[in-house]
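Asker: Turn this into a model:
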Amino acid sequence: MSRPAIRNHAVAPLGALDSPKPGPRPGPQAPTRPKPAPPATVLGYSPFALDADARHFGLTTSSMRLKGGTVMVRHGRRTASTTATILLHGAAGSWTTWTPLLQAADATARDLTDLIIPDLPGWGDSPLPTDRALQGVESMAELVADLARSLGYERWNVVGHSMGGFIALALAASETRATASVGLVSATSFSIQDSVRHPVRRFSVLPAFSALFQTMRMLQLTGQLGRGLVRALTRLDLLRTLVAPLFRYGQAVDATVIAALGTEVRPAGFVLAATRAGAYDAAARWARISCPVRSVHGDRDVFVTAQDDRQLLKVVPQCVISTIAGTGHFGQIERPLEVLLRLEFAVPLPIVSTPSQLGTF
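Answerer: Next up is the predicted model:
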């Protein structure tokens, strides 16, 4: 089978990815950004801006042509390990939504290595495949697995935010032997599916999402006019007010976060992501997951409900669920250090031998 074409934009040379054995990747020194002083315990609310320069994190930017489409990916901090850490962003996001978490890890001497952080198809710098057969949840999961293997990894710990969490669970269900663990940050799941399948009858389940979904459907119909409206709201500084329900303290979130949301609000992509999630048989497929799963979400998350937690535990009984106080839907931006601690990125996840109880830890 031919190796996918890779075009590097930053650190590692093209030949580095052609090595048959994983290992440290040679390359020129990337510029480093000054690290903040390590805090004693916490970093506070929304402590970091988004940072779009992958070199600040020792990462390479590559364009990879895979069977499922062309994907822009940031990757690096390579060790001799054959297990990657994959971070999957949510809808209306890109790889940059993980940069506050990377900064929190650096600030507290948590060494996150063997990173793979793609822009999922249709978001960030990755185009949406024109073939509709490649746009479903399972196709997205297959693409992520193909991406990791093309970079020389045999297994992975996968962490997903929102829609990325949905895809992370689909990946764990389809790649049970290769998935070592799953971390979820405000993963959208059963309530989102109900809201998409029954937008009127189930409107009250997640009113914030249902209203957003209908708005995106209308903006999708207006085409260029809808995109122009989003840009105008961003210029007039009104977007912060509109997206405030996604955060616990919307006015305290860094301006780069709001600007990124304005860039990534793509009505057609949002509607497609929600629709394909609604068509996926989550309960049946996620029951196949055998690896440890940890899920965390904010206590003010408007897209995740207590019923979602209960259903996830029923389907994936080895899952451990916790809630972060004073946090909305973007825990990795609002409370990045807390997310790191809850998901225990710095150490391997334990195998849970008995069904977990819903609660905090």
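Asker: Just after the lowest-mean-pLDDT helix or strand in the chain, pick out the following helix or strand.
Answerer: Ranking every helix and strand in the chain by mean pLDDT, DSSP states H and E puts strand 6-8 at the bottom, with a mean of 42. Downstream of strand 6-8, the next assigned helix or strand under DSSP states H and E is strand 59-66.
Asker: Can you list the helices and strands that that next one packs against?
Answerer: Applying 3 or more C-beta pairs under 8 Å, 6 or more residues apart in numbering; DSSP states H and E, one finds that strand 59-66 contacts strand 6-8, strand 69-76, helix 137-150. (Each C-beta comes from the backbone N, C-alpha and C, glycine too.)
Asker: report the angle between the axes of that strand and helix 137-150?
Answerer: With axes from the mean of the first three to the mean of the last three C-alpha atoms, to 10 degrees as the basis, strand 59-66 and helix 137-150 are set at 120 degrees to each other.
Asker: Report the buried residues of strand 59-66.
Answerer: For strand 59-66, the neighbour count (16 or more other C-beta atoms under 10 Å) marks 59-64, 66 as buried.
Asker: Out of the residues you listed, which comes closest to S162?
Answerer: Nearest to S162 out of these is L59 (C-beta to C-beta; 21.8 Å).
Asker: So in terms of bridging, what pairs with that closest one?
Answerer: Here L59 sits in beta bridges with G76, as judged by DSSP bridges.
Asker: Phi, psi for E154 please.
Answerer: With angles defined as degrees, to the nearest 10, E154 sits at phi -100, psi -30.
Asker: hang on, the earlier thing: now tabulate the buried residues of strand 59-66 in JSON lines and tack on pLDDT.
Answerer: Compiled in JSON lines, the buried residues of strand 59-66 are given as follows (pLDDT from 0 to 100):
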{"residue": "L59", "pLDDT": "97"}
{"residue": "T60", "pLDDT": "97"}
{"residue": "T61", "pLDDT": "97"}
{"residue": "S62", "pLDDT": "97"}
{"residue": "S63", "pLDDT": "96"}
{"residue": "M64", "pLDDT": "95"}
{"residue": "L66", "pLDDT": "93"}
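Asker: In TSV, list these along with distance to V296.
Answerer: Below are those laid out as TSV (distance: C-beta to C-beta, whole Å):
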residue	distance to V296
L59	24
T60	29
T61	28
S62	30
S63	32
M64	30
L66	30
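Asker: related to what we said a few turns ago, out of the helices and strands packed on strand 59-66, nearest to S191?
Answerer: Comparing the helices and strands packed on strand 59-66 by C-beta to C-beta, helix 137-150 comes nearest, at 16.3 Å.
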